[in-house]
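give me the fold of what follows.
(one chain, ligands or ions: 1)
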Amino acid sequence: MIDLVNVEVNYRGIKAIKGVTMHVESKVLLLGPNGSGKTTLLRAVAGIVPYLGSIRVDGTEVRSLKGYSSLSTNLPEVFSVGLTLGDVLSIFSDIKGLDGRRAVEMLREVGIRDLRQKTYSLSTGQSALFRTIVALATDPKIVLLDEPFENVDVAKRRKVLSWIKEYGKEGIVVTHELELASSFQELDSYLIFEGKVYGPVKVGELLSSVVTEGRDPEALLVVEVEGKEFSFVKGKEGKRMADIITLDRLYSM
Ligand SMILES: Nc1ncnc2c1ncn2[C@@H]1O[C@H](COP(=O)(O)OP(=O)(O)OP(=O)(O)O)[C@@H](O)[C@H]1O
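Sure, this is the predicted structure:
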């Protein structure tokens, strides 16, 4: 279970996360445009950046966590430079109970066979796949996945989708691609704009809504973008969410 209460993250004067309160006890999607704070929120939950407020993972405050938690992530900060893929698998087997055979099988399924190569020799897409596989092959209770589809070929995205459905009962999956979100219709989603989180709302409901300017009393969600309010409403005239593809488009509405 992940509980955030009034969380703020500041990077030297930039407020990247502003007063976020969330209670996550299933797998949820976090959707938002570039620079909205998605990665920062995951970093805070993973204990990689300092935060104000409270973040508890299964009841333990993240900033006072000692040792390893029930949480796995594909965030690049977790992977040391200069190691081979085999080294990383072996370290994660020791410290996080990674299933080495399963990891090797998953790597083969996406065409990564040479375990003697260094992690930095992987392409951007291969690196994303490798990090996702290491995170999931630990069979984690909680997953934090940052843009697991980015730079991954369409055919391999299908594999990644099926793995995300298979592993981790709880957690946060970040993406800014609504097209991919449609594969998770039954999950709850949160939207993030300018460091503020809105939700939850079922992915299916969100994608079948339209976006209108202003505050609509029947809205599933009302978000604020650059000082303007936008409503996500069902059964009205407006820009169909399903056509927006990426949330960056709200900035040009
Ligand atoms: N290390 C850092 N130092 C200073 N500012 C940062 C740092 N990392 C992120 N930021 C700023 O914090 C804000 C949120 O960034 P973040 O990377 O969390 O967004 P994001 O939603 O993950 O974006 P993207 O989809 O582009 O990856 C942005 O304004 C970004 O410029």
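
and the residue in the stretch 51-200 of the chain that the ligand sits nearest to, how far is that from residue 21?
With C-beta to the nearest ligand atom, the shortest gap between the stretch 51-200 of the chain and the ligand falls at residue 176, namely 5.1 Å. For every residue, glycine as well, the C-beta is placed using N, CA and C. Counting by C-beta to C-beta, to the nearest Å, the separation of residue 176 from residue 21 is 22 Å.

list the buried residues for stretch 77-97?
Buried positions in stretch 77-97, judged by neighbour count with 16 or more other C-beta atoms under 10 Å: 78, 79, 85, 88, 89, 92, 96.

hmm, residue 206 is touching residue 244, no?
No. The pair formed by residue 206 and residue 244 falls short of the contact definition of C-beta atoms under 8 Å, at 10.5 Å.

looking at the two, which is more packed in?
The residue with more neighbours, out of residue 206 and residue 244, is residue 206; 26 against 17, by other C-beta atoms under 10 Å.

care to break the chain down by domain?
The record's domain split for the chain, according to automatic domain parsing, is 2-207, 208-253.

mean confidence for stretch 164-182?
Averaging pLDDT along stretch 164-182 yields 89.

list the buried residues of it.
When neighbours are counted by 16+ other C-beta under 10 Å, the buried residues of stretch 164-182 are found to be 164, 167-168, 170-176, 178, 180-181.

ditto for stretch 211-219
Of the residues in stretch 211-219, those buried under the neighbour-count criterion (16+ other C-beta under 10 Å) are 211, 212, 216, 219.

of those, which is the nearest to the ligand?
Among the buried residues of stretch 211-219, and counting by C-beta to the nearest ligand atom, the member closest to the ligand is residue 211, at 18.9 Å.

was I right to think that closest one contacts residue 229?
No. Residue 211 sits out of contact with residue 229 when judged by C-beta under 8 Å, with a separation of 10.9 Å.

quick check: residue 195 vs residue 223, distance?
With distances taken as C-beta to C-beta, residue 195 is found 12 Å from residue 223.

any weak-confidence spans in this structure?
The model of the chain has pLDDT under 70 over residues 67-68, 242, 245, 252-253.

90 instead, please
When residues are selected by pLDDT under 90, those of the chain lie in 12-13, 33-34, 48, 64-71, 75-83, 95, 120, 155, 175-182, 235-253.

near the ligand, which residues of it show up?
Proximity of the chain to the ligand is confined to 11, 14, 16, 32, 34, 35, 36, 37, 38, 39, 40, 176 under the rule C-beta under 6 Å from any ligand atom.

ChimeraX command for the buried members of the residues you listed?
Selecting in ChimeraX just the buried members of those, where the criterion is 16+ other C-beta under 10 Å, is done with this command:
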select :16,32,36,37,38,39,40,176
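
so which of the residues of the chain next to the ligand belong to helices?
If you go by DSSP state H, these have 38, 39, 40 in helices.

contacts only, for the last one.
This means residue 40. For residue 40, the contact set (C-beta atoms under 8 Å, 6 or more residues apart in numbering) comprises 9, 11, 16, 17, 49, 195.

and the gap between it and residue 10?
Per C-beta to C-beta, residue 40 is found 10 Å from residue 10.

mutual contacts of those two, please.
Counting by C-beta under 8 Å, 6+ apart, the residues touching both residue 40 and residue 10 are residue 16.

how far off centre is stretch 148-164?
From the chain centre to the centre of stretch 148-164 is a distance of 14 Å (C-alpha atoms, centre = their mean, to the nearest Å).

just the buried positions in it, please.
Residues 148, 149, 152, 156, 157, 159, 160, 163, 164 are the ones in stretch 148-164 that count as buried (16+ other C-beta under 10 Å).

one more: stretch 100-113?
Using 16+ other C-beta under 10 Å as the test for burial, stretch 100-113 gives 103, 104, 106, 107, 110, 112.

many thanks, we can stop here.
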